[in-house]
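**Q** everything below, folded, please.
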Amino acid sequence: MEEIKSLSTRSKVAMASLGGFILAAGAGAYGSLQTYQLASDATRSVYDPDELEVIASGLEDITGIAALVYIGFFLLAAVTFCVWLVRAIRNAQAASSMGLSFSPRWAVWCFFIPILCLWKPYQAMRELWCASNSPRGWHVRERSWVLPLWWTAWMLACAMGQSLFRWQMMQADGPEQIMLLSLGEIAAYGVDVLSAGLLMWIVLRISAMQDGRNFRQSAATRDVEYPGRRAA
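**A** Residues are numbered from 1 along each chain as shown. Got it, this is the predicted structure:
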């Protein structure tokens, strides 16, 4: 039987990375807000053309750096979350009497497989939550409300990100289109913050449940047959 290991370090690193991603998203939203204000000023001829070009060039450099920081923290958060997820599922497997449907590798890879990534990661996280909350009866445990809320926010963030990327590739022309694009970016960053914040809470709760006495006692008595297991 695999040994249960504490999630303390992994959860702290994952939450720090998610926190950095939230800050980067906030910076990106601020940059988009400044772009919106500049485009709005352009429609009202607040600046002369030369002055407007200088301001726009400086703002473009700043938003470009913010975008790189955003992408960097996103990748860092993804890696540290996957490391945490692998250990959390291994712990749940060690404590559960019934066995889990998702292996650590499958739980990670399903985030990256087209089509399956639309629902399989949610199922994996739901199973992990229930197995961490009650290892000996996880298949009948009530689901948490935060999981569907997080998954809805994540799916919305992905959809908005794809839409905005395609819009940017079309190269918005004119202040009015730039203003609309900036508003879309601000909304997308907001959804990113919501999704990452909910995931931080999920990581914190699952880690706390696996560090609890009930979870570790279940692991210690795993060899005791679970009622109905033989019939299953």
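
**Q** lowest-confidence helix or strand of the protein?
**A** helix 213-220 (a mean of 66; mean pLDDT, DSSP states H and E).

**Q** please list all residues in contact with the residue nearest the centre of the chain.
**A** By C-alpha atoms, centre = their mean, the chain has its centre lying nearest to residue 196, at 4.5 Å. Residues near residue 196 by C-beta atoms under 8 Å, 6 or more residues apart in numbering: 18, 21, 22, 25, 77. Any C-beta I mention is one placed from the backbone N, CA and C, and that applies to glycine too.

**Q** just checking, the fourth one touches residue 70?
**A** To tie it back to what came earlier, the one meant is residue 25. Yes. With contact defined as C-beta atoms under 8 Å, residue 25 counts as touching residue 70 (6.3 Å).

**Q** run a quick neighbour tally on residue 61.
**A** Neighbours of residue 61 under the rule other C-beta atoms under 10 Å: 10.

**Q** over to residue 78?
**A** 17.

**Q** give me the mean pLDDT for whichever strand or helix holds it.
**A** Using DSSP states H and E, residue 78 maps to helix 49-95. Averaged across helix 49-95, pLDDT comes to 86.

**Q** need the CA coordinates for the helix or strand just after that helix. CSV is fine.
**A** Where DSSP H and E defines the elements, the next helix or strand beyond helix 49-95 is helix 104-109. The C-alpha trace of helix 104-109 is given here as CSV (Å, rounded to 0.1, in the frame of the first residue of the first chain):
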residue,chain,number,x,y,z
PRO,A,104,-3.1,10.3,-11.2
ARG,A,105,-1.8,10.3,-14.8
TRP,A,106,-5.3,10.1,-16.3
ALA,A,107,-6.6,12.9,-14.0
VAL,A,108,-3.8,15.2,-15.4
TRP,A,109,-3.9,14.2,-19.0
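
**Q** packing partners of helix 104-109?
**A** helix 49-95, helix 120-133 (3 or more C-beta pairs under 8 Å, 6 or more residues apart in numbering; DSSP states H and E).

**Q** now do it: everything it contacts.
**A** So helix 104-109 is contacted by 82, 85, 86, 87, 89, 90, 121, 124, 128 (C-beta under 8 Å, 6+ apart).

**Q** what does stretch 9-28 give?
**A** By C-beta under 8 Å, 6+ apart, stretch 9-28 touches 63, 66-67, 69-70, 72-74, 76-77, 79-81, 83-84, 87-88, 185, 189, 192-193, 196-197, 199-200, 203-204, 207.

**Q** which of those count as buried?
**A** Among the contacts of stretch 9-28, those classed as buried by 16 or more other C-beta atoms under 10 Å are 63, 66, 69-70, 73-74, 76-77, 80-81, 83-84, 87-88, 185, 189, 192-193, 196-197, 199-200, 203, 207.

**Q** low-confidence ranges in this structure?
**A** Scanning the chain for pLDDT under 70 picks out 1-2, 45-56, 58, 97-98, 137-143, 169, 171-173, 216-232.

**Q** residues contacting residue 210?
**A** With the criterion set at C-beta under 8 Å, 6+ apart, residue 210 makes contact with 4, 7, 88, 91, 92, 95, 132.

**Q** which one of those residues is nearest residue 102?
**A** residue 92 (9.3 Å; C-beta to C-beta).

**Q** residue contacts, the closest one?
**A** Applying C-beta under 8 Å, 6+ apart, the residues near residue 92 are 100, 127, 128, 131, 132, 135, 138, 210.

**Q** and it, how far from residue 37?
**A** 48 Å (C-beta to C-beta, to the nearest Å).

**Q** between which two of the contacts of residue 210 is the distance greatest?
**A** 7 and 95, at 12.5 Å, using C-beta to C-beta across those.
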